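Enquirer: build me a structure from this.
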Amino acid sequence: MHIRALEENDLIHIHELNNKLNVMAYWFEEPYESLSELKSLYQKHIYDESERRFVIIKEGQFAGIIELVEIDYIHRNCEIQVIVKEEFQGEGLAQEAMEKGINYAFQILNLHKVFLYVDTENEGAVHIYKKLGFEIEGTMVEQFYMRGEYKDCYFMGLFKRNWKQAQM
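Expert: The predicted model follows:
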């Protein structure tokens, strides 16, 4: 498995992910994007320094996406997000992609902290994030509306100093 920068020809795969309710629920977003809208957003953000998007490739196939968004160069932090296609889930790709995304954030961008939001009921994801060194910093009550109800989420963070220690 490896990651590489998102290219315009990857958008067809992103479009497929973005239009699945069960997938977008993990990001607390509704599935709605048309391919033309996605292409327009890609063009709009191609030079945006506040985000980095990578595709996850396994054996030459698109397997998912890992994103660093809301990159803040003053406070030196960003949000990280990952989605693995259903047929590749359970193979450890999310954790491996997260490791690569975190390394990029800390080693290339020199960020101080990486954070994420995760549904309190998504025990599998919480387990992976804790394994990577993320700590629950708080619970955001009824923060997101998904599938007809408000959902609580954890705000989890990982500091560069803790990541470096875990890598030793």
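Enquirer: can you give me the end-to-end distance of stretch 49-61?
Expert: End-to-end distance of stretch 49-61 (Cα to Cα, to the nearest Å): 27 Å.
Enquirer: in that stretch, what counts as buried?
Expert: 52-58 (16 or more other Cβ atoms under 10 Å). The way it works is simple: take the backbone N, C-alpha and C, and place the C-beta from them, glycine included.
Enquirer: tell me where the chain has strands.
Expert: Secondary structure of the chain, counting by DSSP state E: strands at 2-5, 52-58, 61-72, 77-84, 113-119, 135-146, 149-159.
Enquirer: which one of those lies closest to residue 94?
Expert: Counting by Cβ to Cβ, residue 94 lies closest to strand 77-84 out of the strands of the chain; the figure is 5.0 Å.
Enquirer: can you tell me what sits against that closest one?
Expert: Contacts to strand 77-84, defined as Cβ atoms under 8 Å, 6 or more residues apart in numbering, come from residues 17, 23, 26-27, 56, 63-72, 91, 93-94, 97-98, 101-102, 105, 109, 111-117.
Enquirer: got the angle between that strand and strand 61-72?
Expert: Here the directions of strand 77-84 and strand 61-72 differ by 160 degrees (axes from the mean of the first three to the mean of the last three Cα atoms, to 10 degrees).
Enquirer: strands paired with strand 77-84, and their directions?
Expert: Take DSSP bridges as the rule and strand 77-84 pairs in its sheet with strand 61-72 (antiparallel), strand 113-119 (parallel).
Enquirer: quick one: that strand to chain centroid distance?
Expert: Mean-position distance between strand 77-84 and its chain equals 2 Å (Cα atoms, centre = their mean, to the nearest Å).
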